[in-house]
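# Just a sequence and a predicted model for now, questions to come.
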Amino acid sequence: MSMEVIVASVNPVKVNAARNGFNRCFPGLQIQCIGAPTESGVASQPLTDDETLQGALNRVQAAREVHPSADYWVSFEGGVDRIRSQLFAVAWVAVGHRDDISYARSAALPLPQAVVEMMDQGMELGEANDRLFGTQNSKQQTGAIGLLTRDLLSRESLYADTLILALTRFTLPEVRT
């Protein structure tokens with residue numbers, strides 16, 4: 001048996017995270033993850049938890065409209081949120097299935113002051129990380145979490161784990177979340 005999952009992005013980190021999460025939740029099924037470019041409808045660098053979640057929800061809806069026959073639609077939206085005086089990198093994962101939607105938030109990663117200062121000047125998180133660490137296009141690789149944890153965690157692993165949290169609504173329907 002197979003399952004078609006539309007990932008609301010062509011970023012290979014996000015497509016691989018979707019494949020990883022779905023394979024772990026649905027062992028034995030043939031999972032086909034297809035990346036589809038979508039717009040978030042929010043700023044390219046979401047600056048609050050609410051804006052980041054809204055971007056994830058918008059992307060799932062956009063993917064659903066373009067590929068209505070898929071089994072699932074999934075989006076990963078990274079952003080930042082300021083809690084008290086600390087800026088954190090966060091991600092929201094939204095999953096659509098039939099006419100239902102579920103979502104979950106990742107762990108929050110405290111950002112170093114040097115990154116915060118660059119972001120306060122209007123730079124996006126990925127660009128600030130690349131400048132601080134001397135990398136290129138880190139958001140399509142290990143991301144801030146990989147850079148700041150010395151690759152103990154990665155953007156892909158964080159997204160896959162958060163996807164599993166969002167999928168509980170569908171993998172355990174008897175205990176609706």
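All right, it came through fine. What you see is a predicted model, and the numbers here were worked out from it, not measured in a lab. Numbering: from 1, shown residues only.
# elements contacting the one helix or strand in the chain whose mean pLDDT sits lowest?
Lowest by mean pLDDT, DSSP states H and E among the helices and strands of the chain is helix 143-148, with a mean of 86. Helix 143-148 sits against strand 109-110, helix 125-133, helix 155-171, with contacts defined as 3 or more CB pairs under 8 Å, 6 or more residues apart in numbering; DSSP states H and E. Every C-beta, even on glycine, is put in place using the N, C-alpha and C of the backbone.
# From Tyr103, how far off is the residue nearest the centre of the chain?
Closest residue to the average C-alpha location of the chain: Phe76 at 2.3 Å, with CA atoms, centre = their mean. According to CB to CB, to the nearest Å, Phe76 stands 11 Å off from Tyr103.
# what about the strands in this structure?
Using DSSP state E, the strands of the chain run over residues 2-7, 30-35, 72-83, 86-97, 100-105, 109-110.
# what are the pairing partners of the shortest one, and which direction each?
Partners of strand 109-110 in the sheet, by DSSP bridges, are strand 86-97 (antiparallel).
# How about the strand it pairs with, which residues are buried there?
Leu87, Phe88, Ala89, Val90, Ala91, Trp92, Val93, Ala94, Val95, Gly96, His97 (16 or more other CB atoms under 10 Å).
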